[in-house]
Every structure is written in structure tokens, then in C-alpha cells.
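In: Pasting the sequence and the predicted coordinates here, then a few questions.
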Amino acid sequence: MTMGPAASTSEPDLRRWRRYLAEERAEAETYRALAGRRTGEEREILLGLAEAEGRHEQHWVNLLGDRVGRPARVDLSTLILIFLAKHFGSVFVLALAQRAEGRSPYATDLHATDAMAADEIIHAEVVRALAERGRNRLSGTFRAAVFGANDGLVSNLALVLGIAASGVGNQTILLTGLAGLLAGALSMGAGEYVSVRSQRELLEASRPSAEAGDAVPALDVDENELSLIYRARGMAPEAAEARAAEVLAGAALSHARVDGVDEHETVGTGLQAGLSSFCFFASGAIIPVLPFLLGMSGSPAIIVSAVLVGLALLGTGAIVGLLSGAPPLKRALRQLGIGYGAAAVTYVLGLIFGASGA
């Protein structure tokens, strides 16, 4: 590649190179900020990514030569990402960084090397893997929280609009909404607690017992027979043979996992999931009731309730999209469509039953 800009280099090329340079510096700053909030292996990985972005930065410096000029401005989303990385460093930031890496233009830019384009693809996968760690830590409680909030929003909006459409008084609507909030939150919390608790107990039942580990030194079996334990737990035959040899040589018996993820960490605790479901269902279910709590009635209250719930559905949908690495706008609109669809059905039914006097 050219080591410096030729005299005939166009001004658009120079502006693009300066933009790339600014973006590489911003990405390196983001990774260093994230590394500052991590320890151990994750910190080393993030610092390695920052170092790689430094190599890309140098490429554009070499091309620009003495025409680097003033630093180009990065877009607002990048500035927000840097701020979040410095002050929060959460899985949300990693999810945003993953999407940013996936938008690299180097594959189609003639002035970027093939190695740089390949680097960006690998960087996206590295960040995806780091984000996956955070998703695994969040998945049990977060799943319950998101589902609880969305259920509260949709079910109570549908309940409130259906009752309101039937023509009953404001106090009846309010009491119905509050009753739906309490009943739904208790049901969600109890159901999620039982579900997650049962799942953890099933996982616990599949783990090797302490007695099995104590019995290994006294075993009068050959290596192949012991390897059947590990093959039954998902190991390939060759890996099971190697593990059996290790155990018989004196290593402690341990639970063989293929994916390397702690299932208990992924599932979360029953109490966490139950409390999250209760609180988030209640926080979602209170939103459709707010206009009636504030004394509004009739069509204005219905419109305000629907708008507030719509904004909340857009927010939860966007969050799910960010965490899953999917387009947040698409997920937000999907949540909105599902919620409004369910509410519209119950509103129409309320109108029908109200008009018929049923």
C-alpha cells in the first residue's frame, strides 16, 4: 500500500482517511475505558483490541503523512459509546461495540489493507464473545425482568382499554387496573421462582456427587470403563479417555461441560428471577393505569395510556435488540406491534360487549 498521500490525492479521500483515523482512535479509547473496568483475562483481551486499533490508526497516519490536519469529528453514537464505556462498562456497551465493529467499511475501501478488513471481522467476533459472557451472567434475571415488564405493559393495557371501552366509570377502570397489576405481579413472581428453582434443581441433579469423587482412588476399574462417565456427560470418546486417565492418575473428579458455561450462572437464582418478575411486571403494569390515577378519564386517558405504554414497549424492545446484537429499531417496532395488536383486540371486544349490554 502507499506509504503517504500522493500530490494528486483528492480532498474527499483525505477527509475519509481523517474520519477513519478519528474512528480508530475513538475505538481504541473505548476498549481502554472498558479494560479499566475489568480485571484478569477480559482486561487483557480488551487491551489487545485497543492495541490492534492502534495499528489501524498508524496505517491512516502513514497515508496522510504531513496532511493529517485537525482531528476529524466522530459521530454522536461513538461519543456516547465512549462515555458509557468510561462510566458503566456494562454488557450494553459491549453489545454496542459489537455492532460498531460490524459496520466497518474496510472490506470495500481500496486504501484499507486486506489484513485490516480481516481484523475488523475478528474484532467483532471477540467483542461478541465478551458480550456473550455478560449475557450469560444476565440471562436468568434479565429474561425474567424483560418478560415481566412486557407482560405487565401489554396485559394491563389490554385489560384497562377493554374495560374502558365497555363504558364503565373511571373508578372501576382504576380498581380493575390495580387489581390486574397485583394479581399479575404475584402470579409472574411465583411462577418464575418455581420455574427457575426447578431448573436449578434439575441441573444440580445432573452434577457428579461428592461421593463419586471420593471413590475414585479406590476404584478397581480400567481406564476405559471410567471414561464412560465422561462420555455420558457429553465428551467425545478421545477427550473422555484422556480425562479418565487424568482422574485415575490422581486428579479430582469434576463435571465435564462441553460449552464451558456455568449452567447455574446462566439460569440465575429462583429468588432473583421471582423478585425481578414481580417488580418489573408491576413497573410495566402501572404505566397503563397512570392517567386514571392522575384523575384523567374518557378518551384522553385512553390515548395517554396507549402512548405511554407504546414508548415503554419501544424502550424494552430496543434494549433486547441491543443485548442480542440485533437491530434495536426492528426489535422495538416488533414489541410495539405485538403490544398494540393485543390491546386493540381487547378494546374492540370491550366496545362490542359495552354496546350489547353484556
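Out: Thanks, I have the structure now.

In: What ranges does the stretch 1-150 of the chain have for its helices?
Out: Remark: helices assigned in the stretch 1-150 of the chain by DSSP state H, counting those that start in this stretch are 11-35, 40-64, 76-87, 91-101, 114-165.

In: So which elements touch the second one?
Out: By that I understand helix 40-64. helix 11-35, helix 114-165 (3 or more C-beta pairs under 8 Å, 6 or more residues apart in numbering; DSSP states H and E). Just so you know, the C-beta spots here come from the backbone N, C-alpha and C atoms, and that holds for glycine as well.

In: so how far is that helix from its chain's centroid?
Out: 25 Å (C-alpha atoms, centre = their mean, to the nearest Å).

In: worst average pLDDT in the helices and strands packed on helix 40-64?
Out: When the helices and strands packed on helix 40-64 are compared on average pLDDT, helix 114-165 comes out lowest at a mean of 80.

In: Give the next helix or strand downstream of that helix.
Out: Following helix 114-165 in sequence order, the next helix or strand is helix 170-205 (DSSP states H and E).

In: Flag every buried residue along that following helix.
Out: 173-174, 176-178, 180-181, 184-185, 188-189, 192-193, 195-197, 199-200 (16 or more other C-beta atoms under 10 Å).

In: Reformat the helices of the stretch 1-150 of the chain as a markdown table; add mean neighbour count and distance to G295.
Out: Formatted as a markdown table, the helices of the stretch 1-150 of the chain follow (neighbours: other C-beta atoms under 10 Å; distance: least, C-beta to C-beta, whole Å):
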| stretch | mean neighbour count | distance to G295 |
| --- | --- | --- |
| helix 11-35 | 19 | 47 |
| helix 40-64 | 17 | 51 |
| helix 76-87 | 15 | 38 |
| helix 91-101 | 22 | 37 |
| helix 114-165 | 21 | 15 |
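
In: okay if I get the ones you listed as TSV plus distance to G298?
Out: Shown next, in TSV, are the helices of the stretch 1-150 of the chain (distance: least, C-beta to C-beta, whole Å):
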stretch	distance to G298
helix 11-35	50
helix 40-64	54
helix 76-87	40
helix 91-101	39
helix 114-165	8
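
In: hmm, back to that, any chance of TSV for the helices and strands packed on helix 40-64, columns distance to L336?
Out: Shown next, in TSV, are the helices and strands packed on helix 40-64 (distance: least, C-beta to C-beta, whole Å):
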stretch	distance to L336
helix 11-35	30
helix 114-165	10
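
In: remind me which residues of this structure are low pLDDT?
Out: 1-8, 71, 88-92, 134-144, 199-226, 229, 233, 247-270, 322-326, 354-358 (pLDDT under 70).

In: how is it carved up into domains?
Out: 11-135, 140-201+270-356, 208-254 (automatic domain parsing).

In: tell me the phi and psi of G274?
Out: Phi and psi for G274, reported as degrees, to the nearest 10, are phi -60, psi -50.

In: Might you quantify the distance of stretch 178-193 from its chain's geometric centre?
Out: Using C-alpha atoms, centre = their mean, the offset of stretch 178-193 from its chain centre is 24 Å.

In: do stretch 173-188 as well
Out: The answer for stretch 173-188 is 28 Å, by C-alpha atoms, centre = their mean.

In: same deal with stretch 98-113?
Out: Distance of stretch 98-113 from the chain centroid (C-alpha atoms, centre = their mean) equals 24 Å.

In: give me every residue that touches L333.
Out: L333 sits next to L314, G317 when contact means C-beta atoms under 8 Å, 6 or more residues apart in numbering.

In: try the one 10 residues further on
Out: The contact partners of A343, by C-beta under 8 Å, 6+ apart, come to V154, L157, A158, L161, A306, V309.

In: hang on, the earlier thing: out of the helices and strands packed on helix 40-64, flag the one nearest L94.
Out: Closest approach to L94 among the helices and strands packed on helix 40-64 is made by helix 114-165 (3.9 Å; C-beta to C-beta).

In: which helices and strands does the closest one pack with?
Out: helix 40-64, helix 91-101, helix 170-205, helix 263-267, helix 270-293, helix 298-324, helix 328-356.

In: out of the ones you listed, which comes closest to N150?
Out: Nearest to N150 among the helices and strands packed on helix 114-165 is helix 298-324; the distance by C-beta to C-beta comes to 5.7 Å.
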